[in-house]
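*Asks:* quick one, fold the following:
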Amino acid sequence: MKEFIQFILLNACYVWNKKNNISIKPTHIIIHSTATPGVMAKEWFNRWNKSSIMVAVHAFIDDLEFWQLLPFNMWAWGVGGKANGYSLQIEMCEDKEHSEVYFRKVLANTIKKVAQWCKEFNIPIDHVIGHYEARILGIGSNHSDPRHWWSKFGYTMDMFRDDVKKAMDKPVIPAPDKPIDEKVCSENLNVRYGPGTNFKILATMPQGTKVEIFSISGNWAKVRFKDIEGYCSTAYLKKSLTGYVMATVLNVRAGRGVGNAILGKLKKGAPVTLYGLQGGWWETPTGYVSADWISLDKVAAPVEVKFQEGIVTATAGLNVRKSPGGAKVGALKHGTKVIIYEQSGSWYRIGNDKWISEVYIKSY
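*Replies:* So this is what the prediction gives:
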């Protein structure tokens, strides 16, 4: 989480504090949620840095950023009651989709920040309250936040206070900047909020996904998938998978895509070590191969196919065309024998991009 300080100098609350030399020692923390889905933390400075705005809190927080708009010793105008005079106040920004993935991220950031404030200002955990609780206690205005949003995810202020206390009692050890290992999913694999099947599923990684592993505890690994961090079972994480070539000949390329240089070729049925699937291409020890021609099941031995044969009957010879009825690319003499690989309407394919009319062919 990135942190920024940018005071709302034009805001009526800030001006009032300065004019009256107000200085508070915070004893409480008020948790708000914005009820303005989609407006993130950095956008509130421009919204509230105006003399006409008669509301202010100390900070806004979202899944990526923390923005402090008032000094912590200023009286905020956020909870609408006497608690304004002795509380640090923070607004949690809501997302448009009401996604639980987003909620868990902003929640984790808020827990971390509130735990820091409790330590810094020596604020008891039971002095951390939601805006709606301030109303019930008679020290705030009639609002329902953050309960109206948190309840969608089964989360409560009591759970929040417990999580803040845990964060204070046991310092959070951040995940290392670099993963300790990389593996690949042998099956479609769920990423969960915690290390156990009782935790909510945050996402599902498709078979073949390359996974960054940050720590392992028992049978569970802490992983990152796209922008999601969570836990998955180690039983389905392998160093590599084995695939088999389905094409007659499969090109191994220098990168993902047919525009990359060919480094080598693999024959049908050949086993291939696979490290990860991305964008329709498997990573192998020697390069990249198209996933369209790789099977994770052993390919059956090739079956000999007998194609139809024919002979050219046109006395003057027979034109060979690039496609059925297409441009001429050659000609065959009377009596030439051909192998017919495919028929399309009244046209036979006798090779790659080589087609002839069936009218002048006698099959045998």
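*Asks:* tell me how far residue 210 lies from residue 46.
*Replies:* Distance, residue 210 to residue 46, by CB to CB, to the nearest Å: 40 Å. Placement of C-beta: from N, CA and C, glycine included.
*Asks:* between the two, who's got more neighbours?
*Replies:* More neighbours surround residue 210 than the other of residue 210 and residue 46, with 16 against 10 (other CB atoms under 10 Å).
*Asks:* shouldn't that one be in contact with residue 275?
*Replies:* Yes - between residue 210 and residue 275 there is a contact under CB atoms under 8 Å: 6.6 Å.
*Asks:* spit out the residues that contact those two alike.
*Replies:* Common contacts of residue 210 and residue 275 (CB atoms under 8 Å, 6 or more residues apart in numbering): 184, 283.
*Asks:* give the buried residues for stretch 92-100.
*Replies:* By neighbour count on 16 or more other CB atoms under 10 Å, the buried set for stretch 92-100 is 92-95, 100.
*Asks:* turn the residues you listed into CSV, columns for distance to residue 168.
*Replies:* Below are these laid out as CSV (distance: CB to CB, whole Å):
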residue, distance to residue 168
92, 19
93, 24
94, 26
95, 27
100, 25
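*Asks:* could you work out the most separated pair of these?
*Replies:* 93 and 100 (15.3 Å; CB to CB).
*Asks:* mind telling me what element residue 15 is part of?
*Replies:* Counting by DSSP states H and E, the element that carries residue 15 is helix 12-19.
*Asks:* again, but for residue 182
*Replies:* strand 181-185.
*Asks:* how is this protein partitioned into domains?
*Replies:* 2-169, 181-238, 241-295, 308-363 (automatic domain parsing).
*Asks:* okay, how far is it across the longest one, tip to tip?
*Replies:* Counting by CA to CA, to the nearest Å, the length from the leading to the trailing residue of domain 2-169 is 24 Å.
*Asks:* pLDDT of that domain, averaged?
*Replies:* Averaging pLDDT along domain 2-169 gives 94.
*Asks:* with distance to residue 233 and secondary structure as added columns, please give the buried residues of stretch 92-100 in JSON lines.
*Replies:* JSON lines is the format used below for the buried residues of stretch 92-100 (distance: CB to CB, whole Å; DSSP: H, G, I helix; E, B strand; the rest coil):
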{"residue": "92", "distance to residue 233": "31", "secondary structure": "strand"}
{"residue": "93", "distance to residue 233": "33", "secondary structure": "coil"}
{"residue": "94", "distance to residue 233": "32", "secondary structure": "coil"}
{"residue": "95", "distance to residue 233": "29", "secondary structure": "coil"}
{"residue": "100", "distance to residue 233": "20", "secondary structure": "helix"}
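*Asks:* quick one: which of those residues is nearest residue 111?
*Replies:* When the buried residues of stretch 92-100 are compared for distance to residue 111 (CB to CB), residue 92 wins out at 10.7 Å.
*Asks:* would you confirm that the closest one contacts residue 36?
*Replies:* No - counting by CB under 8 Å, residue 92 does not reach residue 36; the two are 11.1 Å apart.
*Asks:* residue 146 is in contact with residue 35, correct?
*Replies:* No - here residue 35 lies out of contact with residue 146, judged by CB under 8 Å, at a distance of 9.1 Å.
*Asks:* these two: who's more crowded?
*Replies:* More crowded of residue 35 and residue 146, by other CB under 10 Å: residue 146, with 27 against 14.
*Asks:* that one contacts residue 133, doesn't it?
*Replies:* No - if you go by CB under 8 Å, residue 146 and residue 133 don't touch, sitting 10.0 Å apart.
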